[in-house]
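Novice: this is the structure alone, sequence omitted:
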């Protein structure tokens, strides 16, 4: 495999340049996605892969795993990209990455990439365009070296990962399957066969609004909502106690109950007639999404205050990412670990405490799934997001070795 390592090292600067080129596409949800997908389609087509661009069907919005956003976008010009290469053996693998990125916020130079000190800096470098480059150069290396992969590979570059995973969901529902799935996200080159889940909740509380001069005749919904907070904290403690999982023991607090937003009332001189609380719960594969939703519902139904029991409700209209785990002895896990070690990486197997598309391939698609990729997830979404060029190239080597094994 020396020639593989040498080839990738010789293309190191070229790979960094391609990542910089991808960063220049402002591919936030609904903006620039078509352009980057068509650009990448031509790159993979030039490698001799069988390439297709497939629109996400509108019918996906009826699926229970579909994630709704505040601003729904249509799918008429936002395709998923698929690029396939037939292997010499019977096994197959999906290599998945996403081309959408989070908005730049106040980072004015987010889409003007800079290459310095061995890193590429710009929005999407670590999440997730550097991983697209890792996939591309793994396949380019095999093509240039005249090596056919043993495993048939389908590259999937999907949209809408950042808003919940609807691009990956569409790929699964339209029949794209394999013996295993590698979802490319930053894991410091660790292999992650288990993923924390996350669900956003919305609690609504009714009150009785009256003028503050008649305060004793009203019921303050904001004050009643405050009575929910201690119960949520008790639930968090229970969740922590029930979440002992071997792949997540390195994390100080891998599960949590967050209170993100509270609002209520209509006027300073009026007893609040309504209140809303929104937040999130992170949970491990020791529980399912359904378990957490039922437990949150029960918190209100069993609250000691009769008003809270009768005048509140909880719903889950937005993010609903299930936790998942793949068996440690699955060939996908063991094979990728062997390839990582052979390439000089640690081959560490651990859990991932952020949500991504992986849970859809595992839960909806029922396929063995791992998350893997260069550099740290701490870089994602930051004001100075960047990716190590060395690790990006190392990831290419590990993927290439896995495809050949």
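Specialist: That came in fine, so what should we check first? Note that this is a predicted model, so its numbers are computed, not measured.

Novice: so what does the helix or strand bottoming out on mean pLDDT in the chain touch, helix or strand wise?
Specialist: In the chain, the helix or strand scored least confidently by mean pLDDT, DSSP states H and E is strand 320-321, which has a mean of 90. Applying 3 or more CB pairs under 8 Å, 6 or more residues apart in numbering; DSSP states H and E, we find strand 320-321 packed against strand 197-206, helix 289-301. (C-beta placed from N, C-alpha, C; glycine too.)

Novice: redo the ones you listed as a markdown table? Include mean pLDDT, distance to residue 126 and mean neighbour count.
Specialist: Shown next, in a markdown table, are these (pLDDT from 0 to 100; distance: least, CB to CB, whole Å; neighbours: other CB atoms under 10 Å):
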| stretch | mean pLDDT | distance to residue 126 | mean neighbour count |
| --- | --- | --- | --- |
| strand 197-206 | 96 | 19 | 21 |
| helix 289-301 | 97 | 27 | 17 |
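
Novice: out of these, nearest to residue 263?
Specialist: Smallest distance to residue 263 across the helices and strands packed on strand 320-321 (CB to CB): 10.8 Å, for strand 197-206.

Novice: the closest one: what's the following helix or strand?
Specialist: Tracing the chain C-terminally past strand 197-206 and defining elements by DSSP states H and E, one meets helix 221-226 next.

Novice: returning to what we had before: for the least confident helix or strand of the chain, which strands pair with it and how are they oriented?
Specialist: strand 197-206 (antiparallel) (DSSP bridges).

Novice: domain boundaries for this protein, per the record?
Specialist: Using automatic domain parsing, the domains assigned to the chain come out as 2-195+324-404, 197-321.

Novice: chain center to the first one: distance?
Specialist: This points to domain 2-195+324-404. 11 Å (CA atoms, centre = their mean, to the nearest Å).

Novice: average pLDDT across that domain?
Specialist: Mean pLDDT, computed over domain 2-195+324-404, is 95.

Novice: end to end on it, go ahead and measure it.
Specialist: 14 Å (CA to CA, to the nearest Å).

Novice: same deal with the shortest one?
Specialist: Looking at domain 197-321, the gap from its leading to its trailing residue is 5 Å under the measure CA to CA.

Novice: list the buried residues of stretch 162-178.
Specialist: 162-173, 176, 178 (16 or more other CB atoms under 10 Å).

Novice: so what touches it?
Specialist: Contact partners of stretch 162-178, identified using CB atoms under 8 Å, 6 or more residues apart in numbering, comprise 28-29, 54, 56-57, 60, 63, 65-69, 80, 82, 92-94, 96, 98, 100-102, 152, 154, 156, 158-161, 318-319, 321, 356-357, 359-361, 364-365, 367.

Novice: phi and psi next, for residue 14.
Specialist: phi -60, psi -40 (degrees, to the nearest 10).

Novice: show me the helices in the stretch 301-405 of the chain, by range?
Specialist: For the stretch 301-405 of the chain, the helices defined by DSSP state H, counting those that start in this stretch cover 306-311, 331-342, 358-363, 389-404.

Novice: quick one: distance of the first one to the chain centre.
Specialist: The reference is to helix 306-311. Centroid displacement of helix 306-311 relative to its chain, using CA atoms, centre = their mean, is 36 Å.

Novice: for the spatially most central residue of the chain, give me its contacts.
Specialist: Central residue of the chain (CA atoms, centre = their mean): residue 356, 1.8 Å from the mean position. Listed by CB under 8 Å, 6+ apart, the contact partners of residue 356 are 161, 165, 183, 185, 195, 371.

Novice: repeat that with 7 Å
Specialist: With contact taken as CB atoms under 7 Å, 6 or more residues apart in numbering, residue 356 is in contact with 161, 183, 185, 195, 371.

Novice: now neighbour count and secondary structure too, for those residues, in a markdown table please.
Specialist: Listed next are the contacts of residue 356 as a markdown table, based on neighbours: other CB atoms under 10 Å; DSSP: H, G, I helix; E, B strand; the rest coil:
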| residue | neighbour count | secondary structure |
| --- | --- | --- |
| 161 | 25 | coil |
| 183 | 31 | strand |
| 185 | 27 | coil |
| 195 | 31 | strand |
| 371 | 27 | strand |
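
Novice: dihedrals phi and psi, the closest residue in space to residue 349 that isn't next to it in sequence?
Specialist: For residue 349, ignoring the flanking residues on the chain, the nearest one in space by CB to CB, 6 or more residues apart in numbering is residue 191 at 4.9 Å. Main-chain dihedrals, residue 191, degrees, to the nearest 10: phi -100, psi 120.
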